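Asks: quick one: sequence plus predicted model below, questions after.
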Amino acid sequence: MEHIQHPPARVAKAPTRLLDGLQRWLPKLVVAPTFVLVGIGIYAFMIWTGVLSFTSSSFLPAYDFVGFDQYAKLMDNDRWLTASVNLGIFGGLFILCCLVIGVVLAIFLDQKIRQEGALRTIYLYPMALSMIVTGTVWKWILNPSLGLEKLMHDWGWSSFSFDWLVNSDMAIYTIVIAAVWQASGFVMALFLAGLRGVDSAIIRAARVDGASLPRIYWSIILPSLRPVFFSAVMVLAHIAIKSFDLVMAMTAGGPGYSTDLPAVFMYTHSFTRGQMGLGSASAMLMLGAILALLVPYLYSELRGKRHD
């Protein structure tokens, strides 16, 4: 009788093994289409862009290998050099101003003031807007015939002049103003979260030792927020390198091409001027700049986790 009862037990184990295998593979099957789409939609097109940068592609892709000719043309292109200089000016001022304003606002809110929630919402609100909306609004504000300059003239200040938007030497700084207005609230949120994570016992001990509040923040708290600084710089640098819609909404690269950035250069040459090979070369240099920022950041993060 005992031998007769064994086969049902073995049969009962088969569905259990099947369910265990299904439980192991089901998450992988659910996530697999996402990885396929990412691989095709992002990395495959990156590789394709890299291939096109070594060809003489114009309006349509061509696959005749020309070596580094497109990169050589890019280095001799005055518009690309202007875009690169503009990226240095825009990126440097954008990151610096966002860090300073973000830290100041975070310290201000960290004092546990009244209506902190409302102020935090106001500071973060610009980040909820798209760059197109931000660029359009600031274009109206800075337009000499519609915005701030006209308002001052209507109020009787006829000598007031603020024509940066139409001044080829100053137009790039209007892009900085609009970008800082939008992103500084995000930086504030990063630093406020970091400040709220600082042990209050450290602050109380410093106060007992006679340290002033500015001294506590400058010498104790802010140095402990180095990871937050690093993360904020990475995010802001990425925003600066890929900036396109803000420029197109405000100046479209003008006057002339005085506010061109690499992303605008890439779009213009790839899709409106029929120089796809040159545009692909500029895109690969932008990718290289992003990787130059991202790889050290990932390396430091992974090394820190390994030591932990």
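Replies: Looks like it arrived, so ask away. Numbering: from 1, shown residues only.

Asks: is it true that Thr134 touches Ile175?
Replies: No - Thr134 is not in contact with Ile175 according to C-beta atoms under 8 Å; the separation is 10.4 Å. From N, CA and C alone the C-beta is placed, and that goes for glycine too.

Asks: more neighbours: these two, which one.
Replies: Counted by other C-beta atoms under 10 Å, Thr134 and Ile175 do not tie: Ile175 has more neighbours, with 25 against 21.

Asks: shared neighbours of Thr134 and Ile175, anything?
Replies: The contact sets of Thr134 and Ile175 overlap at Leu246 (C-beta atoms under 8 Å, 6 or more residues apart in numbering).

Asks: in contact with the most centrally placed residue in the chain, which residues?
Replies: Taking C-alpha atoms, centre = their mean as the criterion, Ile239 is the residue nearest the geometric centre of the chain, at 2.6 Å. By C-beta under 8 Å, 6+ apart, the contact list for Ile239 reads Phe94, Ala179, Ala183.

Asks: how about the helices of the stretch 1-150 of the chain, start to end?
Replies: Secondary structure of the stretch 1-150 of the chain (DSSP state H, counting those that start in this stretch): helices at 2-38, 45-52, 69-75, 78-109, 116-124, 131-142, 148-154.

Asks: sorry, wrong one. I was asking about the stretch 201-308 of the chain.
Replies: 213-216, 226-241, 245-250, 262-267, 276-307.

Asks: now do the last one: distance to the chain's middle.
Replies: On the basis of C-alpha atoms, centre = their mean, to the nearest Å, helix 276-307 sits 13 Å off its chain's mean C-alpha point.

Asks: and it with helix 226-241, angle?
Replies: Relative orientation of helix 276-307 versus helix 226-241 (axes from the mean of the first three to the mean of the last three C-alpha atoms, to 10 degrees): 170 degrees.

Asks: and helix 276-307, what does it pack onto?
Replies: Packing partners of helix 276-307 (3 or more C-beta pairs under 8 Å, 6 or more residues apart in numbering; DSSP states H and E): helix 45-52, helix 69-75, helix 226-241, helix 262-267.

Asks: which of the ones you listed is buried the deepest?
Replies: Highest mean neighbour count of the helices and strands packed on helix 276-307: helix 262-267, a mean of 22 (counted as mean count of other C-beta atoms under 10 Å).

Asks: need the mean per-residue confidence for it.
Replies: Mean pLDDT, helix 262-267: 92.

Asks: if you count contacts, what does that helix end up packed against?
Replies: Looks like helix 262-267 contacts helix 78-109, helix 245-250, helix 276-307 (3+ C-beta pairs under 8 Å, 6+ apart).

Asks: so which bits of the last one are buried?
Replies: For helix 276-307, burial by neighbour count (16 or more other C-beta atoms under 10 Å) applies to Met276, Gly277, Leu278, Gly279, Ser280, Ala281, Ser282, Ala283, Met284, Leu285, Met286, Ala289.
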